[in-house]
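A.B. asks: Take this sequence and fold it.
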Amino acid sequence: MTGLSGLVVPILLSAVIVFVASSIIHMLLPWHHSDYPKLANEDGVRDALRPLAIPPGDYMVPRPSSMEDMRSPAFLEKVEKGPKLVMTVLPGGSMSMTRNLVGWFLYLVVIAAITGLLAAVALPSGAHAHDVFHVTLIAASLGYAAALWQMTIWYNRSIGTTVRSTIDGLIYAAITAGTFSYFWPT
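C.D. replies: Numbering: from 1, shown residues only. Presented below is the predicted three-dimensional model:
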């Protein structure tokens, strides 16, 4: 077993490198530009929703009150009539990304730490770089990519968006694995 304290450098360094890589993927490449298309009548939708003062949060429309309500003719008519929505309402105000970027970096550190913890339990100090790469690649892939598919399965998120995000996650996992295999304690 490898001590987790010996993995501080690969944990922090992989988080920094993935942060930079994700910034390049999302800001410089056109890869994700089609993930959230603009509504044809965006202003009309905004004007219709604004007076409702919907608090920030996640919503599903129509939303049954119970399993019994889900089978009621009134609810079934709402579903049939449409539209059906799964939406996140964000608060109004400035578009500062600071909170999101800090949260993203902390998430990267957590995924790298969990990856390192799993590798530390599974591999000894001085393990072959190939073994370190494989173990950390699998662990990081689970953290960065596997859970994305729940949104497609349950909430009909676009397959294209999920595939592109999964590829991003696999890139992040490969960066994490490469960093761990290079800096694995001897």
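
A.B. asks: Could you name the helices and strands sitting against the helix or strand harbouring Leu118?
C.D. replies: Here Leu118, judged by DSSP states H and E, is contained in helix 98-122. With contacts taken as 3 or more Cβ pairs under 8 Å, 6 or more residues apart in numbering; DSSP states H and E, helix 98-122 sits against helix 8-27, helix 129-144, helix 159-183. Where C-beta positions appear, they are placed from N, C-alpha and C, glycine not excepted.

A.B. asks: And that helix, how far out from the chain middle?
C.D. replies: Here the centre of mass of C-alpha atoms in helix 98-122, compared against the chain's by Cα atoms, centre = their mean, to the nearest Å, lies 13 Å away.

A.B. asks: before we move on, what about stretch 131-151?
C.D. replies: Taking mean C-alpha positions (Cα atoms, centre = their mean), stretch 131-151 and its chain are 12 Å apart.

A.B. asks: Repeat that for stretch 44-64.
C.D. replies: The gap between the average C-alpha position of stretch 44-64 and the chain average comes to 23 Å, counting by Cα atoms, centre = their mean.

A.B. asks: Give the rounded mean pLDDT of stretch 165-172.
C.D. replies: If you average the pLDDT over stretch 165-172, you get 97.

A.B. asks: Can you pull up the most central residue in the protein?
C.D. replies: Using Cα atoms, centre = their mean, the residue of the chain that lies closest to the mean C-alpha position is Leu148, 6.1 Å off.

A.B. asks: Tell me the confidence at that one?
C.D. replies: pLDDT, Leu148: 93.
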